[in-house]
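Peer 1: the following comprises the amino acid sequence and a computationally predicted model.
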Amino acid sequence: MTEPRRLCRQRSYAAAFVAASMWTHCALAREEPLYEFGIGLGAIVFDDYRGSDTAHAYPLPVPYILYNGKFLKANRDGIRGTLFNQDRLELNLSFDATTPVRNDRERSGMPDLKPTVELGPSFDLHLMRSAGGRVKLDLRMPWRAALTVEAAPKIIGWTFTPRLALDIRNPLGWEGWNLGVLTGPLFADRRYHAYFYSVAPQFATVQRPAYQAVGGYAGTQFIAALSKRFRKFWVGAYTRYDTLSGATFLESPLVQRKSYMSGGIGISWIISKSSQLVDVPD
């Protein structure tokens, strides 16, 4: 496989993983199939890394996965493994990812950034449930280790991203639609910030002085996702606003923008559906 083709495939896989974690699927409470599966197409646009002035658009496959197992679940909240579940508190497995970065203007002459995967527990507190489960408000507190995706993966640090998550079924009276809104601050340790924002002395230039990133606050994100499950297909779209105002690495020469927008859209056709129905709590 040639290098450009391999890189393109890596970017598509990572972009698909990121998009899947942002889009809101339409699995809702009460009685549902044990599983549903579909596949489709979509596109996503975002910066090479938070604060970069270089953005890319990625066409990507959009899998639709609904699974209501006792431990593993895949629904509007993403793919997660439930470790502990009570009326007010859940302990889940949490995932996230970033795409590889190559030929970025700010990083010219520096090593490429490998794609990363983040994995760790998330403590989710149920703050509010309306009658019938139409409106839900949660506090999600994922704490994850970040690993590079390569032949010999390396741990590049830890992240903590507490978020308020508001889910609304049938917003504005739109029957069958689901709206999800998430917002909260981002935190990471020194190694994680250094991976993206430090400039080693050997890569310093007049326009890009040496810089050592520190850990701490990394800005705030606002995400809104809208989706609907039709009889034979699913559609979804999301938009994300990032602000780096007040971030500990804001003075890095690799940070060119303090805020930006990104987003994506996708459609999936349902291929298979379980005839077995299971009870799914709100």
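Peer 2: That came in fine, so what should we check first? Residues are numbered from 1 along each chain as shown.

Peer 1: the stretch 151-282 of the chain: helices as residue ranges?
Peer 2: Assigned by DSSP state H, counting those that start in this stretch, the helices in the stretch 151-282 of the chain fall at 190-197.

Peer 1: where does it dip in pLDDT?
Peer 2: Counting by pLDDT under 70, the stretch 151-282 of the chain shows low-confidence ranges at 278-282.

Peer 1: strands along that one, start to end?
Peer 2: Taking DSSP state E, counting those that start in this stretch as the criterion, the stretch 151-282 of the chain carries its strands at 155-160, 163-169, 177-188, 216-229, 233-243, 259-273, 277-280.

Peer 1: so which of those strands gets nearest residue 138?
Peer 2: Comparing the strands of the stretch 151-282 of the chain by their distance to residue 138 (C-beta to C-beta), the top pick is strand 163-169, with 4.6 Å. No exception for glycine: its C-beta is placed from N, CA and C like everyone else's.

Peer 1: could you check the angle strand 216-229 makes with the closest one?
Peer 2: 10 degrees (axes from the mean of the first three to the mean of the last three C-alpha atoms, to 10 degrees).

Peer 1: distance to residue 136 and mean neighbour count added to the strands of the stretch 151-282 of the chain, as JSON lines?
Peer 2: Output for the strands of the stretch 151-282 of the chain, formatted as JSON lines (distance: least, C-beta to C-beta, whole Å; neighbours: other C-beta atoms under 10 Å):
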{"stretch": "strand 155-160", "distance to residue 136": "23", "mean neighbour count": "18"}
{"stretch": "strand 163-169", "distance to residue 136": "4", "mean neighbour count": "19"}
{"stretch": "strand 177-188", "distance to residue 136": "9", "mean neighbour count": "19"}
{"stretch": "strand 216-229", "distance to residue 136": "14", "mean neighbour count": "19"}
{"stretch": "strand 233-243", "distance to residue 136": "18", "mean neighbour count": "19"}
{"stretch": "strand 259-273", "distance to residue 136": "23", "mean neighbour count": "17"}
{"stretch": "strand 277-280", "distance to residue 136": "13", "mean neighbour count": "13"}
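
Peer 1: just put those strands in CSV and tack on distance to residue 197.
Peer 2: CSV is the format used below for the strands of the stretch 151-282 of the chain (distance: least, C-beta to C-beta, whole Å):
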stretch, distance to residue 197
strand 155-160, 12
strand 163-169, 22
strand 177-188, 10
strand 216-229, 10
strand 233-243, 14
strand 259-273, 15
strand 277-280, 41
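
Peer 1: so for residue 41, which of these sits nearest?
Peer 2: Among the strands of the stretch 151-282 of the chain, the nearest to residue 41 by C-beta to C-beta is strand 259-273 (6.6 Å).

Peer 1: contacts for the closest one?
Peer 2: Contacts of strand 259-273 with the rest of the structure, by C-beta atoms under 8 Å, 6 or more residues apart in numbering, involve 19, 22-23, 33, 35-47, 55, 60, 62-64, 232-245.

Peer 1: what about 7 Å?
Peer 2: Applying C-beta atoms under 7 Å, 6 or more residues apart in numbering, the contact partners of strand 259-273 are 19, 23, 33, 36-47, 62-64, 232-244.

Peer 1: buried ones in whatever helix or strand residue 94 lives in?
Peer 2: Taking DSSP states H and E as the definition, residue 94 sits inside strand 89-98. Buried residues in strand 89-98, counted by 16 or more other C-beta atoms under 10 Å: 90, 92-98.
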